[in-house]
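**Student:** How does the following fold in three dimensions:
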Amino acid sequence: MSNKTLENLFLYAAFGFAGVAGFLLLRENYESVFIFFVLAFVSYFLSFRFQVKERLDQREAERIEQETNELDFNRNILQENRSLFDIEETNFDKQAEKQPLEK
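**Tutor:** Numbering: from 1, shown residues only. As a prediction, this is how the structure comes out:
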């Protein structure tokens, strides 16, 4: 089952248990009310847990994708034998073209 399905399942169970607890409260069966209230409480937080887990999985996938893209970029740079800070080649042999200053 997916996280979204389990999240919805536990959320519906929480509302169901809360409804049963409300009904038993009207019937003045306080021991059962406590049990169903605890079940509703636990079910709600389990649904919340699956929601948080889904977000964490999504962030982890984005982080892995970003790291993969960075590694691919660095690998391409290394394969082309150039650095990230390429400087244009400067030809210093043009000194011969300059004329000496005459006094």
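**Student:** who touches F10 in this structure?
**Tutor:** 43-44, 46-47, 50 (CB atoms under 8 Å, 6 or more residues apart in numbering). Every residue, glycine included, has its C-beta placed from N, CA and C.
**Student:** Show me what stretch 26-45 is in contact with.
**Tutor:** 10-11, 13-18, 20-21, 24-25.
**Student:** residues contacting N76?
**Tutor:** N76 neighbours (CB under 8 Å, 6+ apart): none.
**Student:** mind checking how far it is from A21?
**Tutor:** The gap separating N76 from A21 is 61 Å, by CB to CB, to the nearest Å.
**Student:** Kindly state the pLDDT recorded for the residue nearest the centre of the chain?
**Tutor:** Compute the mean C-alpha point of the chain, and by CA atoms, centre = their mean the closest residue is R59, 0.7 Å away. Per-residue confidence (pLDDT) for R59: 93.
**Student:** ok, for A40, nearest residue in space, not its chain neighbours?
**Tutor:** Distances taken as CB to CB, 6 or more residues apart in numbering place F17 nearest to A40, at 3.6 Å, with adjacent residues excluded.
**Student:** In what element of secondary structure is that neighbour found?
**Tutor:** According to DSSP states H and E, F17 maps onto helix 3-26.
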